[in-house]
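[1] show me how the following folds:
(chains A, B, C, D, E and F)
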Amino acid sequence: MRYEKIKLVDENGLRIDGRKPDQLRPVKMEVSVLKNADGSAYVEQGNTRVLAAVYGPREVHPKHLTLPDRAILRTRYHMVPYSTDERKSPAPTRREIELSKVIREALESVIFVELYPRTTIDVFIEVIQADAGTRTAGLMAASLALADAGIPMKDLIAAVAIGKVDGTLVLDINQVEDEYGEADMPIAMMPSLGEIVLLQLNGVLSEEEFYEALKLAQKGIAQLYEFEKQALMKKYVEVKVEEV
Amino acid sequence: MRYEKIKLVDENGLRIDGRKPDQLRPVKMEVSVLKNADGSAYVEQGNTRVLAAVYGPREVHPKHLTLPDRAILRTRYHMVPYSTDERKSPAPTRREIELSKVIREALESVIFVELYPRTTIDVFIEVIQADAGTRTAGLMAASLALADAGIPMKDLIAAVAIGKVDGTLVLDINQVEDEYGEADMPIAMMPSLGEIVLLQLNGVLSEEEFYEALKLAQKGIAQLYEFEKQALMKKYVEVKVEEV
Amino acid sequence: MRYEKIKLVDENGLRIDGRKPDQLRPVKMEVSVLKNADGSAYVEQGNTRVLAAVYGPREVHPKHLTLPDRAILRTRYHMVPYSTDERKSPAPTRREIELSKVIREALESVIFVELYPRTTIDVFIEVIQADAGTRTAGLMAASLALADAGIPMKDLIAAVAIGKVDGTLVLDINQVEDEYGEADMPIAMMPSLGEIVLLQLNGVLSEEEFYEALKLAQKGIAQLYEFEKQALMKKYVEVKVEEV
Amino acid sequence: MSMTPSNQRIVSKLKRSSIVSLIKKGLRVDGRKLDEYREITVIPNYISKAEGSAYAKIGGTLVIAGLKVGVGTPYPDMPNSGVITVNAEFVPFASPTFEPGPPDENAIELARVIDRSIRELHVIDLEKLAVVPGEKVYILWLDIYVFDHDGNLLDTSMLAAITTLLSARIPKAVVKENGRIVELDKEVREPLPIMNKVVTVSVGKVNDKFIVDPNIDEEQVLDCRLAVSLSEDGKIAGMQKMGSGTFTTEEVIEAVKLAKKASKTLFSKINEALKKIEEQ
Amino acid sequence: MSMTPSNQRIVSKLKRSSIVSLIKKGLRVDGRKLDEYREITVIPNYISKAEGSAYAKIGGTLVIAGLKVGVGTPYPDMPNSGVITVNAEFVPFASPTFEPGPPDENAIELARVIDRSIRELHVIDLEKLAVVPGEKVYILWLDIYVFDHDGNLLDTSMLAAITTLLSARIPKAVVKENGRIVELDKEVREPLPIMNKVVTVSVGKVNDKFIVDPNIDEEQVLDCRLAVSLSEDGKIAGMQKMGSGTFTTEEVIEAVKLAKKASKTLFSKINEALKKIEEQ
Amino acid sequence: MSMTPSNQRIVSKLKRSSIVSLIKKGLRVDGRKLDEYREITVIPNYISKAEGSAYAKIGGTLVIAGLKVGVGTPYPDMPNSGVITVNAEFVPFASPTFEPGPPDENAIELARVIDRSIRELHVIDLEKLAVVPGEKVYILWLDIYVFDHDGNLLDTSMLAAITTLLSARIPKAVVKENGRIVELDKEVREPLPIMNKVVTVSVGKVNDKFIVDPNIDEEQVLDCRLAVSLSEDGKIAGMQKMGSGTFTTEEVIEAVKLAKKASKTLFSKINEALKKIEEQ
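    Just a heads-up that it's a prediction; the model follows:
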């Protein structure tokens, strides 16, 4: 997948977009951005831009899909055709089907689903511009939209992708780092509870690197969590994340 | 779509098939042509040949698709693979899906759907030979088949496509005129009520041309309406339409 | 389909794999080979290898697919992608859809379906290695799996494909004979009742050849029936079929 | 997955028993003999846009088949042969029991039985349909549409299919630019290279009696059916047991003999129809 | 198969009658005049990954369109023309009445109405989009996504679509190896060869009154709609009656006149937005 | 759209609580230790028609994987690499909870986790699978079929997949006519260019305890699972949290350590099986 050598970390330890290894990309977050949805949010991380909409709890047809003791969750993670370098077909790809599943499972560990038996809560994520970290940005947008819809949750979800590029672990990878790097590890947490709700690793890490990556992720997640809380209070937040 | 100049109206004002601009193609109409369907009809306009079958009012499965206060309509406009110059795939094309919709909407304004709550009336149109004007021929066949099935209607539907070729407005276009002409405007009416039930324009017209086209259409529709009524009475009618 | 001449019967009347015209390939049969299925079986005939699994009688969803006076049968004949010379797409081909139907109809004449109204009996056949005769091997595996599941049947099904190669009728054709031969006639019977439950002919035979083929088939079926009964008693049987 | 159908047309018990008891006596509900076809109409060249076509009606069953021709790449294992694809559609237009959507198992089975008989009997000399051997060949699409289902779809469909092939006039393929481009000249037309004719006769079994050409009500009382494809000189060019009943070996033999006898009616209808158009 | 929809948004009888009686008096529920659009926002170049894009909002209806560009083979009957494909998706994201899955008849109709207007008015000079005539041409995909449905999807979608085309900057196609290989140079960008501008105005009929830009509640009480596509110089570049009611000839003429008048608002919004980006 | 499943296998409350309370004490229902696999069987070259294959059984879970090889065009962004496609099917044959149809999200996730581990660890040197660089490359299809589902499909599937690759013998590609045509010579066979070996260990969490290789009943009581792919030298070559529960960071670390330890069992089974066939 890496057919050409590109220098991803320079002699000063700075990344291709000028960031330090442990620095997030600029963030924008806004809730209640749509009219129809019961809850909605917009999240921007660098050039990655994501919309989320929540409908529900609402009725399901056909009824036999419901569960007697809890709400079911229906989740769709989708990239629009013009969000990527090459046009993506509008039909769901295998990648989108997998990500919809891991995102659903992450959300299921956060929502008090037992409060709404025999209903569905529908969470839709549309990636309108993709520059890596779309599932983690999507999960944050979804969690903000759920909060906007007033659906009780144990905590918000904050999430970020760790990368390994030129042998260095970096926080919040962008697309070039994802394409030419050695590993991509998206992780999502309920920060105040210290619980991991999503964890994937695409790439190769030593055991030590993995523990290091976990630590680095927690650092970014703590920052993102603060931005989320501010966005919910102000309905809008925009942060150029400085080195911390 | 027009890669070559073809002369569509000659120095005498006659069209490529010898017709005058306001002349219909020869027409054949026949009702009750099938055994299984509750109503059926065959319509031929020039080289365009269409079959229609009506089933219903009948039960719908699953029930939740029905409406409590009226019949629903299900309509399928379809061209068989051998009806066209190049073989058409048997699966519904986007064009066929659109035409099925506008035909359904046209029929819904004609049928007294409120007489048959919780049922469906199914109208199937199969184009067996396509030489332009298939949706208008199809609508006439459908309306005859509905009458044949004894389903109460406000009026029959008569329909024709107006074209603009070499700058001239012409009645009842054929395929060559459709392909090389400047506009195609199918229109369907309940003639005795003066109500338009379908209207589309594919092409560019000035406002004045459009009003002219409406008038020309009404002229053709009045003739076709007479043939339809005759066909219903005699079960069969064949007319070589002379200049009128 | 036969683009090259290959000698399929040699000067001694022996076939390409050394068999005599009326000789079966080596057979292995085993029942109860799976944990989940209510009944299961494995059948090997030469290089053709087939697994069958039976679930049921069990409930059907949606209910309106059931029948009030009998069990329905659902049957899937499927070849795995790596079972053939060229990779086969995992999606059902038109061939697999047809074979699933004729296999279902064969099984329906054997099972006492009226004993289990409003239920389904599901029979799955997976061809893991294909060397001709897969539908007949599949039917035998299915019938053994049904017996293993304890579903009452009028008889077992024994089945074999007759071929015509180089003008000679041969028993239990292999893939080379199928590809380069003149006819392939799969036939399945309830041997003790003398009833034919499946019969197809792909190729051209004279009336006399056809009667001859029927006789040859019965001879092979009688042998295979014995192996099936042994397999049910011992749960496993392996036979190198000698000339008989 | 094939599933026992639950949307079968329902025939009243009274009608069923009357059909069965008549057949026992050698009679049919519509007055026919057991080995007699209903009225047959065959019209070749019914669709002028198609390169070949036929309207075929047996009793109330109406099938229109059409042939479209293109040029394309041969199959890698048959580089010097034209390609023919047979497709059948049972549209909801034709019967209250037909569902919308892609062909179901019944339509697929019908198309494949017809395809195999045409292919195995070498009805068309496909090798004559190579244009640039190994690179460009004629592609034939034979589409069979059922428009009214009154029983015995297979025999009617085969009748439409074979008449379509026998009466087709396909455009001449013109090779340009060293074989790289092939175009069809619609002004110059030729018949297909026909080598044989085939028909299919479906024989139904009702207890120990056999009937040909079951109508739609009779189809509901059949134990099962044997479809036999036959060449004009009486060779068996394909066979398919259809339905969930059984035959003994003796019954199969009796059914084949009956099919062979009845095939003559179909061949004479085809030949009449072809003669009529040749005379035009 | 097109089917009468059964999952329509429900508007209470009270609301319905208040909407209708207001319109009778020449008024709207949201205070607008009958021929007045809701607030319109147009933002060209909204998506930096796309070769063209626009954010269009009319009232609460939000549509984002994007253009992606590739190089491919022309259609055989148009060997010297670029190819444009218009696709619209009504994702369940945007409305409780939208279902998951491929575009339904409503999305397909909308895309086709937009496609026809763009094509027939020659908005883009497709012949200028041939790269190696007869062999390689630009392929344009115009994808229209509805993200919030508050009525009048068609006018909003056309607004997004045309602004996308007008503001697009497509990568230059570079021909290599005697025309066999064509690559897109993303560093060199050019506008599309634009020849005309088009908008669509949907006119709704409520009894004998006509309104433009119906909001989602008003859509439920319309008898039917006439969508009229118009060029900047007032030519009719497409028309589509939508919904199951009827128009008389006189009503159609009135609707067209109203559409023509209202189209000016849309053109001025587009021109403003384009001016703003040119000044940047 | 991913949806909370409603057709889960049901385990009685009694059984659930017995499983949980045993695990609390460090015990398993089937007598195993927490970090112990069930009986493992691996048979390479199980399917003679495939270019590679393996039968893998862990407890009652049976998976057969097969490799088919072709020649095709490389991906434009990887012109000098062979292509491998991993596909997994959960056929209704294998479990009463599996539905017919194309792979669902579970089968897709499993295939993609396996695909990523194989790809990222460079199990195969794909660059050695270019035949005519930039034009023709080997295409590998690795198909994984589950035939009996008794829990822990992922570890069993990876076991079948890696054994298939390690034992495969692919036909030699022969280049003809200046590289324009490439044929596979089935008589000359070579192993794949293997660079690494990988296994996947699924660690289940039950309250604060961790188990490897959960059987089908245990799977119903897991809070969630962490699937860890490992190279033979202990590198982490992929990871996937599965199921809707959560882990703390400490728990994740514990799970990884457990996976690493348990991976040795799997590697030794693979090596044994390969040794056996080499000796043949």
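
[2] show me where the chain has helices.
    This is for chain A. A:94-108, A:134-148, A:175-180, A:207-234 (DSSP state H).

[3] that answer is for a different chain, and I need it for chain D
    Using DSSP H, helices in chain D cover D:13-24, D:105-120, D:153-167, D:216-221, D:249-279.

[4] can I get the ones you listed in CSV with mean pLDDT, distance to residue E:187 and mean neighbour count?
    Where C-beta positions appear, they are placed from N, C-alpha and C, glycine not excepted. Output for the helices of chain D, formatted as CSV (pLDDT from 0 to 100; distance: least, CB to CB, whole Å; neighbours: other CB atoms under 10 Å in any protein chain shown):
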stretch, mean pLDDT, distance to residue E:187, mean neighbour count
helix D:13-24, 94, 78, 14
helix D:105-120, 98, 52, 23
helix D:153-167, 98, 57, 27
helix D:216-221, 95, 69, 20
helix D:249-279, 96, 65, 17
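
[5] out of those helices, which gets nearest to chain C?
    helix D:105-120 (4.3 Å; CB to the nearest CB).

[6] next, see if that closest one gets close to chain C.
    Yes - interface with chain C: helix D:105-120 contributes D:105, D:106, D:108, D:109, D:111, D:112, D:116, D:119, D:120 (CB under 8 Å from any CB of the partner chain).

[7] for residue D:41, give its distance to residue B:17.
    Per CB to CB, to the nearest Å, residue D:41 is found 30 Å from residue B:17.

[8] which residue packs closest to the closest residue to chain D within chain A, ignoring adjacent ones?
    The nearest approach of chain A to chain D comes at residue A:91, 17.5 Å away (CB to the nearest CB). Of all residues not flanking residue A:91 in the chain, residue E:102 sits nearest, at 6.9 Å (CB to CB, 6 or more residues apart in numbering or on different chains).

[9] the one you found and residue C:17, how far apart?
    Distance of residue E:102 to residue C:17, computed by CB to CB: 49 Å.

[10] point me to the residue of chain D nearest chain F.
    residue D:1 (5.2 Å).

[11] unless I'm mixing things up, that residue is touching residue C:72, no?
    No - counting by CB atoms under 8 Å, residue D:1 does not reach residue C:72; the two are 11.1 Å apart.

[12] residue D:149 against residue D:61, yeah?
    Yes - applying CB under 8 Å, one finds residue D:149 in contact with residue D:61, separated by 6.2 Å.

[13] same list, the helices of chain D, but as JSON lines with distance to chain B please.
    Below are the helices of chain D laid out as JSON lines (distance: least, CB to the nearest CB, whole Å):
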{"stretch": "helix D:13-24", "distance to chain B": "17"}
{"stretch": "helix D:105-120", "distance to chain B": "10"}
{"stretch": "helix D:153-167", "distance to chain B": "9"}
{"stretch": "helix D:216-221", "distance to chain B": "9"}
{"stretch": "helix D:249-279", "distance to chain B": "18"}
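
[14] closest one to residue A:58 among the ones you listed?
    Smallest distance to residue A:58 across these (CB to CB): 37.7 Å, for helix D:105-120.

[15] hey, C-alpha coordinates of that closest one in CSV?
    Provided in CSV are the C-alpha atoms of helix D:105-120 (Å, rounded to 0.1, in the frame of the first residue of the first chain):
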residue,chain,number,x,y,z
GLU,D,105,-36.4,-20.3,-10.2
ASN,D,106,-39.2,-21.3,-12.6
ALA,D,107,-38.2,-18.7,-15.2
ILE,D,108,-34.6,-19.7,-14.9
GLU,D,109,-35.3,-23.4,-15.2
LEU,D,110,-37.4,-22.8,-18.3
ALA,D,111,-34.7,-20.6,-19.9
ARG,D,112,-32.1,-23.2,-19.1
VAL,D,113,-34.1,-26.1,-20.4
ILE,D,114,-34.6,-24.2,-23.7
ASP,D,115,-31.0,-23.1,-23.8
ARG,D,116,-29.7,-26.6,-23.3
SER,D,117,-31.9,-28.2,-26.0
ILE,D,118,-30.9,-25.5,-28.5
ARG,D,119,-27.2,-25.9,-27.6
GLU,D,120,-27.0,-29.6,-27.4
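
[16] quick one: average pLDDT of stretch A:94-107?
    Over the span of stretch A:94-107, the pLDDT mean works out to 98.

[17] that stretch vs chain F: in contact?
    Yes - using CB under 8 Å from any CB, stretch A:94-107 reaches chain F at A:94, A:95, A:97, A:98, A:100, A:101, A:102, A:103, A:104, A:105, A:106.

[18] chain center to that stretch: distance?
    11 Å (CA atoms, centre = their mean, to the nearest Å).

[19] contacts for it, please.
    With CB atoms under 8 Å, 6 or more residues apart in numbering or on different chains as the test, stretch A:94-107 has contacts from A:73-79, A:92, A:123, A:125, A:135, A:138-139, A:142-143, A:146, A:157, A:188, A:197-198, A:200, F:1-4, F:105-106, F:108-109, F:111-112, F:224, F:240-244.

[20] now list the buried members of those residues.
    A:73-79, A:92, A:123, A:125, A:135, A:138-139, A:142-143, A:146, A:157, A:188, A:197-198, A:200, F:1-4, F:105-106, F:108-109, F:111-112, F:224, F:240-244 (16 or more other CB atoms under 10 Å in any protein chain shown).

[21] if we can go back for a sec, in terms of neighbours, single out the busier of residue E:102 and residue C:17.
    Set side by side, residue E:102 and residue C:17 show more neighbours around residue C:17, with 13 against 9, by other CB atoms under 10 Å in any protein chain shown.

[22] skipping adjacent residues, who's closest to that one in space?
    residue C:174 (6.0 Å).

[23] could you list the contact residues of the stretch 51-200 of chain D toward chain B?
    Counting by CB under 8 Å from any CB, the stretch 51-200 of chain D comes close to chain B at D:53, D:60, D:62, D:64-68, D:70, D:87, D:89, D:91-96, D:100, D:102, D:141, D:143, D:145, D:147-150.

[24] residue A:45 reaches residue A:137, doesn't it?
    Yes - counting by CB under 8 Å, residue A:45 does reach residue A:137; the two are 5.0 Å apart.

[25] more neighbours: which of those two?
    residue A:137 (32 against 28).

[26] quick revisit: what subset of the residues of stretch A:94-107 next to chain F is buried?
    A:94, A:97, A:98, A:100, A:101, A:102, A:103, A:104, A:105, A:106.

[27] could I get these as a markdown table with distance to residue C:206?
    Below are these laid out as a markdown table (distance: CB to CB, whole Å):
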| residue | distance to residue C:206 |
| --- | --- |
| A:94 | 52 |
| A:97 | 55 |
| A:98 | 58 |
| A:100 | 60 |
| A:101 | 59 |
| A:102 | 63 |
| A:103 | 65 |
| A:104 | 63 |
| A:105 | 65 |
| A:106 | 69 |
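
[28] and the gap between the residue of the stretch 1-150 of chain D found nearest chain A and residue D:145?
    Residue of the stretch 1-150 of chain D nearest chain A, by CB to the nearest CB: residue D:102 (17.5 Å). To residue D:145, residue D:102 is 14 Å away according to CB to CB.

[29] mind saving the C-alpha coords of stretch A:68-75 as PDB?
    Extracted C-alpha coordinates of stretch A:68-75, given in PDB (Å, rounded to 0.1, in the frame of the first residue of the first chain):
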ATOM      1  CA  PRO A  68     -38.600  -6.400  24.500                       C
ATOM      2  CA  ASP A  69     -36.100  -5.100  27.100                       C
ATOM      3  CA  ARG A  70     -34.200  -2.400  25.300                       C
ATOM      4  CA  ALA A  71     -33.900  -0.100  22.300                       C
ATOM      5  CA  ILE A  72     -32.200  -1.400  19.300                       C
ATOM      6  CA  LEU A  73     -29.600   0.800  17.500                       C
ATOM      7  CA  ARG A  74     -29.400   1.300  13.800                       C
ATOM      8  CA  THR A  75     -26.200   3.000  12.600                       C
END
